[in-house]
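Trainee: no sequence on this one, just coordinates:
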């Protein structure tokens, strides 16, 4: 079941509407991956929402377009490739930075995802340091001094 972007004070609408809290949508059919990713992005200052497949992810994006999306590739209903094609056609669909998350070490699959509209890719399992570096790389997280 998809969850909307919510904070303690209500629903976040992202930086585009003047709020300083960035939003991140986690789209993955694994509840464990969603839980781990959510904990990480929330410690980085994001408001997080979850979707268990691409169809739910697109529904969340229609309600409020996030600044960042962590996107699994192999999911039921709407997979990562179809999600990318659809979101990039949506109004404001070019705005979110999309990190394609995969367990596959297939260069062809990674290239296909990047051609379809992913901004970067990340190998699963990932940790806080790896995710932080990727979010900084795509520009949705300020680099921190070492």
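Mentor: That came through, no problem. Not measured: the values here are computed from a predicted model.
Trainee: got any ranges where the chain has weak pLDDT?
Mentor: Applying pLDDT under 70 to the chain flags the ranges 1-20, 144-146.
Trainee: The lengthiest helix in it - contacts with which helices or strands?
Mentor: Assignment by DSSP state H gives helix 31-43 as the longest helix of the chain. The contact analysis (3 or more C-beta pairs under 8 Å, 6 or more residues apart in numbering; DSSP states H and E) places helix 31-43 against strand 23-27, strand 47-51, strand 68-72, helix 128-137. Yep, even glycine has a C-beta here, placed from its N, CA and C like the rest.
Trainee: ok and it relative to strand 23-27, angle-wise?
Mentor: Counting by axes from the mean of the first three to the mean of the last three C-alpha atoms, to 10 degrees, helix 31-43 lies at 170 degrees to strand 23-27.
Trainee: In helix 31-43, which residues are buried?
Mentor: 33-34, 36-38, 40-41 (16 or more other C-beta atoms under 10 Å).
Trainee: ditto for stretch 113-128
Mentor: Buried residues in stretch 113-128, counted by 16+ other C-beta under 10 Å: 113, 116-122, 124, 126.
Trainee: For it, which outside residues touch it?
Mentor: Stretch 113-128 is contacted by residues 33, 36, 40, 43-44, 70-71, 73, 80-81, 84-85, 87-88, 97-103, 105, 110, 130-131, 134, 137-138 when judged by C-beta atoms under 8 Å, 6 or more residues apart in numbering.
Trainee: Report the distance from it to the chain centre.
Mentor: The chain centre lies 9 Å from the centre of stretch 113-128; the measure is C-alpha atoms, centre = their mean, to the nearest Å.
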